[in-house]
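> Test case, fold it:
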Amino acid sequence: MQGRVTAVEYIRGAAMLGVVGIHTGAYSLSGTEVNVHLFALLEIVSRFSVPIFFFVSAFGLFRQYPPGTPLGYGAFYRRRALTVLVPYLAWSLLYMWFYSYTTGEAHIWEPPFIYEFLLFGLASYQLYFLVILVWFYALMPLWRAAVPALAARPLPWLGALLAAQVAFNYWSCNVLAAGAEDYYLNLALKHRLSYWVLHYVFVFLLGAVCAVRLDEFRAFAARSRREINVFFALALAVMLGRYYWLLGAGYELERAVNTLQQLSPEGVVYTLAACLFLFAVFDRPLPTAVSSSLALLSCHSYAVYLVHPLVMYFLEAELAAAGVAMTTPVVVGFYVATVALSLLLATGLERLPALGPLLTGVGPRRVKPGT
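Down below sits the predicted model:
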């Protein structure tokens, strides 16, 4: 296995914070007066968080299994089944049970609902990511065949792929609609955002190419920091400018965010800018407190990703029982408490002798200092 790249590990930790921010934004909508600027920070600035996980995943895969090196697919798929598929099924069943327990509804355990929940990650709002990741793993032979050609001429190929990604995502999100007469075809179209890897091919292959050409990528990031900073600032300005324009045009907050979600043209470009910006920021010496915090977040990001909706549910229930409204200070506290409690719960889950591997795909993790 190739050496660790701490910059990419730190990106994983930052992305986890962003995911919690996005979901905190959804809870903040329950307040009587939502702070639109805080909502922008939680829902717009953090919008790169989910797609950048695919960048990180592909980077790790192609650092561990670079093109031209042997890859035993049997062992590869067994390992991925244990780290992703088994935890996905375990958490899906756990969230389904929790839903039935708290609502008294049991219909989700009956066909065809149970198949929909398990096939499309519907048991909890964050689980669709794992469904798409499983499909990326399943298609590993395709990526192994494609990446060498992409890495040989990255700029023209990735440029063309970026344009194709923007066009495809626009078509899928704004033109294509479910409505087929066949039940199963209609179901597959209805839930396409939960499993179509084509929505994230660009960012995944970007991570793969950057891993294969790591030395050149590092040199580019180091010499082009100013240009990367400008690109990121412009991409973020477009996202925020469009957000405030939509609000001025009468859009409700939820509709504005759904318009600017990560698959929108602005969202795709913003994700690319965030990949370059965060790598350039993290691929250099950082203050000890920053590197240690990012290492901790990265180490437990997977378990936090899986468990944080439960933490949010109970926190919101406690606030509601106490009659505390989602004001701006409460939303900030809600976010901080979610991160802290999810980290605590994640580390505990990872240490469980039998359930730890089942729920998190790994045993206890040790935080490694940055190098």
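> Contacts only, for residue 45.
Residues counted as contacts of residue 45 (C-beta atoms under 8 Å, 6 or more residues apart in numbering) are 18, 21, 236, 239, 240. Where C-beta positions appear, they are placed from N, C-alpha and C, glycine not excepted.
> Take these and keep only those in helices.
Cross-referencing the contacts of residue 45 against helices under DSSP state H gives 18, 21, 236, 239, 240.
> quick one on the thing from earlier: among the contacts of residue 45, which one sits closest to residue 191?
Closest to residue 191 out of the contacts of residue 45 is residue 18 (23.8 Å), distances taken as C-beta to C-beta.
> didn't residue 148 look like it was pressed against residue 68?
Yes - counting by C-beta atoms under 8 Å, residue 68 is a contact partner of residue 148 at 7.5 Å.
> Show me which of these two is the more surrounded one.
Taking other C-beta atoms under 10 Å, residue 148 and residue 68 do not tie; residue 148 has more neighbours (14 against 9).
> Report pLDDT for the more buried one.
Residue 148 is assigned 97 on the pLDDT scale.
> any chance of the ones in helices among the contacts of residue 45 in CSV, plus neighbour count?
Compiled in CSV, the ones in helices among the contacts of residue 45 are given as follows (neighbours: other C-beta atoms under 10 Å):
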residue, neighbour count
18, 20
21, 21
236, 19
239, 21
240, 18
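> any chance of those residues in a markdown table, with pLDDT too?
Converted to a markdown table, the ones in helices among the contacts of residue 45 look like this (pLDDT from 0 to 100):
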| residue | pLDDT |
| --- | --- |
| 18 | 97 |
| 21 | 97 |
| 236 | 98 |
| 239 | 98 |
| 240 | 98 |
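> Out of those, flag the one nearest to residue 164.
For the ones in helices among the contacts of residue 45, the nearest to residue 164 is residue 239 (21.3 Å; C-beta to C-beta).
> Pull the contacting residues for residue 204.
Contacts of residue 204 (C-beta under 8 Å, 6+ apart): 54, 55, 57, 58, 136, 143, 197.
> Residue 147 versus the fourth one, what's the distance?
Which is residue 58. Distance, residue 58 to residue 147, by C-beta to C-beta, to the nearest Å: 9 Å.
> swap in the first one?
When distance is defined by C-beta to C-beta, residue 54 is 14 Å away from residue 147.
> rewinding a little: tell me which of the contacts of residue 45 is nearest to residue 72?
Closest to residue 72 out of those is residue 18 (34.6 Å), distances taken as C-beta to C-beta.
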